[in-house]
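Chemist: Got a predicted structure plus its sequence, pasted below:
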Amino acid sequence: MSVENAPPELQLAVDLIYLLECNEIAPDVALAALEIVKRDYQEKIKHPTGSLSISYL
């Protein structure tokens, strides 16, 4: 299966991994950042406002 025919979430995952690896982001930093992104998007699902919902920024 090629990435072009993969589901959008898999395509995005491949792009994110490539971006993180190309920028030599440490795995622990990447995982911490992804947890923040996950929480933000979970809030967007609960309360769609169209803006960044991270409360400590």
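Modeler: On my side now, so go ahead. Numbering: from 1, shown residues only.
Chemist: Where is the longest helix in the protein?
Modeler: Longest helix in the chain by number of residues (criterion: DSSP state H): helix 27-46.
Chemist: Go through it and flag the buried ones.
Modeler: With burial defined by 16 or more other C-beta atoms under 10 Å, the residues of helix 27-46 counted as buried are residue 30. No exception for glycine: its C-beta is placed from N, CA and C like everyone else's.
Chemist: what separates that helix from the chain centre, distance-wise?
Modeler: In terms of C-alpha atoms, centre = their mean, to the nearest Å, the centre of helix 27-46 is set 7 Å apart from its chain centre.
Chemist: Go ahead and produce PDB holding the CA coordinates of it.
Modeler: Only the C-alpha atoms of helix 27-46 are listed here, as PDB (Å, rounded to 0.1, in the frame of the first residue of the first chain):
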ATOM      1  CA  PRO A  27      11.700  11.300  21.000                       C
ATOM      2  CA  ASP A  28      10.800  12.500  24.500                       C
ATOM      3  CA  VAL A  29      10.200  16.000  23.300                       C
ATOM      4  CA  ALA A  30       8.100  14.800  20.300                       C
ATOM      5  CA  LEU A  31       6.000  12.700  22.500                       C
ATOM      6  CA  ALA A  32       5.400  15.500  25.100                       C
ATOM      7  CA  ALA A  33       4.500  17.900  22.300                       C
ATOM      8  CA  LEU A  34       2.100  15.300  20.700                       C
ATOM      9  CA  GLU A  35       0.400  14.900  24.100                       C
ATOM     10  CA  ILE A  36      -0.300  18.600  24.100                       C
ATOM     11  CA  VAL A  37      -1.600  18.500  20.500                       C
ATOM     12  CA  LYS A  38      -3.800  15.500  21.500                       C
ATOM     13  CA  ARG A  39      -5.300  17.400  24.400                       C
ATOM     14  CA  ASP A  40      -5.900  20.500  22.300                       C
ATOM     15  CA  TYR A  41      -7.700  18.500  19.600                       C
ATOM     16  CA  GLN A  42      -9.700  16.600  22.100                       C
ATOM     17  CA  GLU A  43     -10.900  20.000  23.500                       C
ATOM     18  CA  LYS A  44     -11.700  21.100  19.900                       C
ATOM     19  CA  ILE A  45     -14.000  18.100  19.500                       C
ATOM     20  CA  LYS A  46     -15.800  19.000  22.800                       C
END
